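J.: Pasting a predicted model and its sequence here:
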Amino acid sequence: MPHRVGLLSLALVVAACGSADSDGAPAPSSAGSAGSAGSSHPSDGATPTWHADIAPLVAGRCQGCHQDGGISPFSLETYAQAKMWSPAFDAVLRSGAMPPFLAADTDSCKPRFGFKDDLRLSPEQIDLFKRWNDAGCPEGDPERAAALPEPPDLELEGAQINVKIPAAVTVQGPGDKFICFSLAPDLTPLAPTGAAATFVGDNVLIDGAQVIPGNAAIVHHVLVYTDKDGKSAALAGDKGYYDCFGGPQLDAPGLVMAWAPGAMPVTAPAGVAISIPSTGRLVMQVHYHPTGSAQTDDATSVQLRAYPGGIPDYVGRLSLIGNFRSQSSDGMGLQPGPNDATAKPEFRIPAGAVAHTESMLFAIPKTDVPYRIWGVGSHMHYVGTDLRIGITRQDPAGEPAEECLLETPRWDFNWQRAYLYDTPIDEAPTAKAGDVLNLRCSYDNSMQNPFVAAALGEQGLSAPRDVRLGEQTLDEMCLGVFGIAQKVSDLVK
């Protein structure tokens, strides 16, 4: 499947895919620093310049990808490079295509909390780029340049484990590759002296994870899964890896993290330890995007950091909920859809359907200890266009009875990630027994969807076909990713 960059003119694929400020909020407009640099505040009518106003935004939002040797097809590291691409900035910034941060506020979804490491630009920042371009992209005085943000440290500080892929992969030719590597990490370094609480039964407690790309030019995004029973070893065989697209091809994988270029390490909220199996293996699914010449990756790795010992306030995990094929007797699971061919709900996206939806419900199982939801994410394939995740509370107790947790209205398989709420764990949304999670997935299975057309072309097909649940390129999914945690003191009562 061609990368989506290949489906747009390069003139449209610009701007940001780097890192947000360390506090997770959108970076403040550097216009405020222009005065200290000796020029007028652009919002007062002065013309923005590269050195005073644009360079800090580009450094903070763009250069995680748009750098020499990065995944982007061009660099934005210099004034000359940014000036050359500036005519295309406005369209992609205003559409939300860039920065690649899929979570958005919509008429039907306004999450209560912001997200950590939010890449989105404010309307004022977007206007600043347009005013700069309209003025002819003035460079300004380098002697009076605004301070550039420090490059983010993308390594996981204090990581005890660094597991590298077991074999080299060479990527060439026109098509993207999706490779699953079966990893066998030695987790004993996660139990240092005095940190016996790091291991709980068959699980190990961590509080951080990160992926380090071995070849940044081709590693587009990575998903890391748990494989408690170690079945990925047989799929990988002697090579150490196997082809995969929609997932690791395991019965019940857990998710450790999702990574995209420039992503900060995934760290649990303060006081939360993430539980993962201490047995079995890990599976690293790597999406490789070709550059036009043969490129090799032999060093992509995943880093893990142990919870620092003692008893955490909360113990959490990442849960995958969705992909229901039918409706259960209690009305949960797959819901009736607009194009069902039978009286029973079916997951089927008809050929040619432009605005098809599939909806799913999941009741929080019986538990005496409520969950805190500290992160959420969405997962579909190439036919998907939008995924909305919400919750209906049986007993709101001060929270909204109906709450939208996440919507990704410009779904893009190539930029999937987890969205972590920027709030203390004690204030994060709750989910209790009897509450119901709801997923609504939207799809465009027509030739007007360029990603469908490209996928069909790779299969030698000229017209859409009915799409069902599955892990192949022409299959689909409707899956929510939930970072959940329960208070330890309540669990041990």
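T.: Great, that's in hand. Residues are numbered from 1 along each chain as shown.
J.: residues contacting the residue nearest to the spatial centre of the chain?
T.: Residue closest to the average C-alpha location in the chain (C-alpha atoms, centre = their mean): Arg417, at 0.7 Å. Residues in contact with Arg417, defined by C-beta atoms under 8 Å, 6 or more residues apart in numbering, are 102, 221, 258-260, 263, 377. (C-beta placed from N, C-alpha, C; glycine too.)
J.: List just the nearest of those residues to Pro450.
T.: Leu102 (17.5 Å; C-beta to C-beta).
J.: Which of the three states applies to the closest one?
T.: For Leu102, the assignment made with DSSP: H, G, I helix; E, B strand; the rest coil gives coil.
J.: correct me, but Ala104 touches Thr408?
T.: Yes. If you go by C-beta atoms under 8 Å, Ala104 and Thr408 touch, sitting 7.1 Å apart.
J.: Could you list the low-confidence segments of the stretch 101-250 of the chain?
T.: Along the stretch 101-250 of the chain, segments meeting pLDDT under 70 span 191-199.
J.: got the residue ranges for the strands in it?
T.: Taking DSSP state E, counting those that start in this stretch as the criterion, the stretch 101-250 of the chain carries its strands at 161-164, 169-171, 177-183, 199-200, 203-212, 219-227, 241-243.
J.: Tell me which of those sits nearest to Leu361.
T.: strand 219-227 (24.8 Å).
J.: now that closest one, how far from the chain's geometric center?
T.: Put simply, strand 219-227 sits 11 Å off its chain's centre (C-alpha atoms, centre = their mean, to the nearest Å).
J.: again with stretch 445-456
T.: On C-alpha atoms, centre = their mean, the centre of stretch 445-456 falls 23 Å from that of its chain.
J.: just stretch 276-283 next, same as before
T.: Worked out by C-alpha atoms, centre = their mean, stretch 276-283 lies 22 Å from the chain centre.
J.: next one: stretch 253-260
T.: Per C-alpha atoms, centre = their mean, the centroid offset for stretch 253-260 relative to its chain is 9 Å.
J.: now swap in stretch 356-373 and tell me
T.: Here the centre of stretch 356-373 is set off from its chain's centre by 21 Å, with C-alpha atoms, centre = their mean.
J.: and the end-to-end length of it?
T.: 29 Å (C-alpha to C-alpha, to the nearest Å).
J.: Now do the buried residues in that stretch.
T.: Under the neighbour-count criterion of 16 or more other C-beta atoms under 10 Å, stretch 356-373 has 356-364, 370-373 buried.
J.: farthest pair in the residues you listed?
T.: Top of the distance list for those (C-beta to C-beta): His356 and Pro370, 34.6 Å.
J.: Can I get the buried residues of stretch 356-373 in TSV including secondary structure, distance to Ala433 and pLDDT?
T.: Converted to TSV, these look like this (DSSP: H, G, I helix; E, B strand; the rest coil; distance: C-beta to C-beta, whole Å; pLDDT from 0 to 100):
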residue	secondary structure	distance to Ala433	pLDDT
His356	strand	32	97
Thr357	strand	28	98
Glu358	strand	26	98
Ser359	strand	22	98
Met360	strand	19	98
Leu361	strand	15	98
Phe362	strand	12	98
Ala363	strand	8	97
Ile364	coil	5	96
Pro370	coil	8	96
Tyr371	strand	10	97
Arg372	strand	14	98
Ile373	strand	14	98
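J.: just curious, which of these is nearest to Arg144?
T.: Nearest to Arg144 among the buried residues of stretch 356-373, with distances taken as C-beta to C-beta, is Ile373, at 46.3 Å.
J.: wait, Pro142 sits on Thr49?
T.: No. Using C-beta under 8 Å, Pro142 makes no contact with Thr49, being 9.9 Å away.
J.: okay, these two: which has more neighbours?
T.: Thr49 (25 against 12; other C-beta atoms under 10 Å).
J.: Now that one: closest residue in space, sequence neighbours ignored.
T.: Sequence neighbours aside, Gly140 is the residue nearest to Thr49 in space, at 2.8 Å (criterion: C-beta to C-beta, 6 or more residues apart in numbering).
J.: what's the burial count for the one you found?
T.: By other C-beta under 10 Å, neighbour count at Gly140 equals 23.
J.: quick one: it and Ala88, what's the gap?
T.: 21 Å (C-beta to C-beta, to the nearest Å).
J.: still on that earlier bit, looking only at neighbour counts, state which of Ala104 and Thr408 leads.
T.: More neighbours surround Thr408 than the other of Ala104 and Thr408, with 26 against 16 (other C-beta under 10 Å).
J.: For the more buried one, give me its contacts.
T.: So Thr408 contacts 102-104, 378, 386-387 (C-beta under 8 Å, 6+ apart).
J.: at 7 Å instead, please
T.: 102-103, 378, 386-387 (C-beta atoms under 7 Å, 6 or more residues apart in numbering).
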